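**Q** Here is my input, please return the structure:
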Amino acid sequence: MKKGIRYFAVIAAVFLLAGVTSLFADDSGFTSFADETAASPLTWSGSSLVNTRFMTDYDNPENSPALLYPELNIAVSYSGESSDFKGSFTFSGNYDFTDSSAVSSYLSGMIDEAYYRAFLNGFSLEAGLMKIVWGKGDEIFTFDNINAVDYSDFMNGSYLDRKQAEIMLKINIPFAEQGLIEALYTPVFTPDNFPASGYWVQSDYTTLKTQLAIISKTPEEALNPENTNTLKHGQTGLHITNSFGGIDFGAAYEYTFLRVPVVDMRAFLVDPAQQINVTYDRLHLFGIEAATAPLGFNLRAEAAYYLTGDTGGTDPMEHNNKIQYLIGFDRDLPLHNLSVNIQERGEVILKSGEIKANGLSDIEYETDGEYTSNIIAGDIRDTFLNGNLTVKFSGAYSAEDSGYMIKPGFDYTIADDAVVKAAYTMYRGDTDSLFGQFKNNDMLEVIFKYSF
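**A** Numbering: from 1, shown residues only. You can find the predicted model right below:
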């Protein structure tokens, strides 16, 4: 079934579930999000924006491509006595409807979220197309793995916008004064979305495309991606959070899949008539988190252990176990309205000494022998004109390959809920590095947004 059609079927199922669970609804003491905003049980809001990007041609500035991205966003919510429904939808003008695959992509992307929530006796039940964010990071996380990520524009926009909603069932159980237990199930695993064309194609895919062109093949012909729309690809997760003594803390377990695919070229290298199999490693993911605010600093930290089946690191076609960690802080500075936010996320591949290039290389083999990564990201900002103007400077640095991104810009509230945003982004580094692969994508971005 096409993904877009499947999403519409899920919405219909959500409404059916709403009718069933309402029979068991109880006055549980929960407060619905719509009750606080309007007397009417049905509320809605939205925004309209136009994003214009000028991709810089330094040699011939007048030939710099201008790209337009218009969007209309609508959010609706309905609140009953003991249940809610929430939906958010995005209508974009950037699809070629003569392409059947583009139509399916448009339909699936149009529904940002659509889920039903029932407030039962001591817990709440949510079902539908949902996004979740687990962890204490700010736009950067270590164990938030359930939802797929859209990499077609991943260097821009917010973290939540880049996430793709997943069909899931989720139970929320509050305990103590501030504690919460979240348990979820998704029937399938959705791989991350990597673009096959455009400005944000990653260097690995470009290299593969060039190599296949030698034998007159395209990636679509050569790649054989695993079908992850089966029940054996279901995901489960458990997240527990609480607060004590001024510290917010939590722990999580996810039975999921590693989002970095296994690209198995063994059969293809022997016989180019064979396909390149793309699969995903089953994963046990354990995470912990903490946040506190001493002396005006908002401190946050996370750590995660990725447990695959290759605990010894000897299987060349399965990823090794690894550890990720995150530390960060933000603070208002005693100078005008300045504030600073800095985070560092690191990764260590375990048993890296077993990763060798003998015959067919281990899928994790790196010629430079580097099996760690550290990315530092942050921004500094100030506000003027009674808070209507925000000037900011953002950036990120990859320590191992010395690639970086810098982004100065501003947000200005014109009137009411009309905002204009402008920023200039530069990428630098080696062509196979995280940021350097986009060093030809320097751009001026101007966004006009009106919320209603």
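
**Q** Let me see the ranges of the helices in the chain.
**A** Counting by DSSP state H, residue ranges of the helices within the chain are 3-21, 100-110, 159-162, 203-213, 219-222, 266-270.

**Q** Least reliable of the ones you listed by average pLDDT, please.
**A** Of all these, the minimum mean pLDDT falls on helix 3-21 (a mean of 43).

**Q** Which positions are bridged to the nearest residue to Asp112 once chain neighbours are set aside in the beta structure?
**A** By the measure of C-beta to C-beta, 6 or more residues apart in numbering, the closest residue to Asp112 outside its immediate chain neighbours is Ser88, 4.2 Å from it. For glycine as for every other residue, the C-beta is placed from the backbone atoms N, C-alpha and C. When assigned by DSSP bridges, Ser88 has beta-bridge partners Ala75, Glu113.

**Q** Am I right that Ser88 is in contact with Ala75?
**A** Yes - under the contact definition of C-beta atoms under 8 Å, Ser88 touches Ala75, with a separation of 4.4 Å.

**Q** where in the stretch 1-150 of the chain is pLDDT low?
**A** Low-confidence regions of the stretch 1-150 of the chain, defined here as pLDDT under 70, cover residues 1-39, 94-108.

**Q** Just give me the residue closest to the centre of this protein.
**A** With distances taken as C-alpha atoms, centre = their mean, the chain has Lys163 as the residue nearest its mean C-alpha position (3.6 Å).

**Q** was I right about it contacting Ile146?
**A** No - in this structure, Lys163 sits apart from Ile146 without contact. The criterion is C-beta under 8 Å, and the distance is 9.3 Å.

**Q** coming back round to it: tell me how far the residue nearest to Asp112 lies from Ile167.
**A** According to C-beta to C-beta, to the nearest Å, Ser88 and Ile167 sit 15 Å apart.

**Q** what about those two, which has more around it?
**A** Just comparing Ser88 and Ile167: by other C-beta atoms under 10 Å the higher neighbour count belongs to Ile167, 21 against 18.

**Q** Quick check: the more buried one vs Ile111, distance?
**A** The gap separating Ile167 from Ile111 is 11 Å, by C-beta to C-beta.

**Q** Then Leu129?
**A** Per C-beta to C-beta, Leu129 is found 6 Å from Ile111.

**Q** more crowded one of these two?
**A** For Leu129 versus Ile111, the count of surrounding residues by other C-beta under 10 Å is larger for Leu129: 22 against 19.

**Q** Isn't the more buried one up against Glu113?
**A** Yes - here Leu129 lies in contact with Glu113, judged by C-beta under 8 Å, at a distance of 5.8 Å.

**Q** between these two, what contacts are shared?
**A** Both Leu129 and Glu113 are in contact with Ala165, where contact means C-beta atoms under 8 Å, 6 or more residues apart in numbering.

**Q** Since that was my last question, I'll sign off now.
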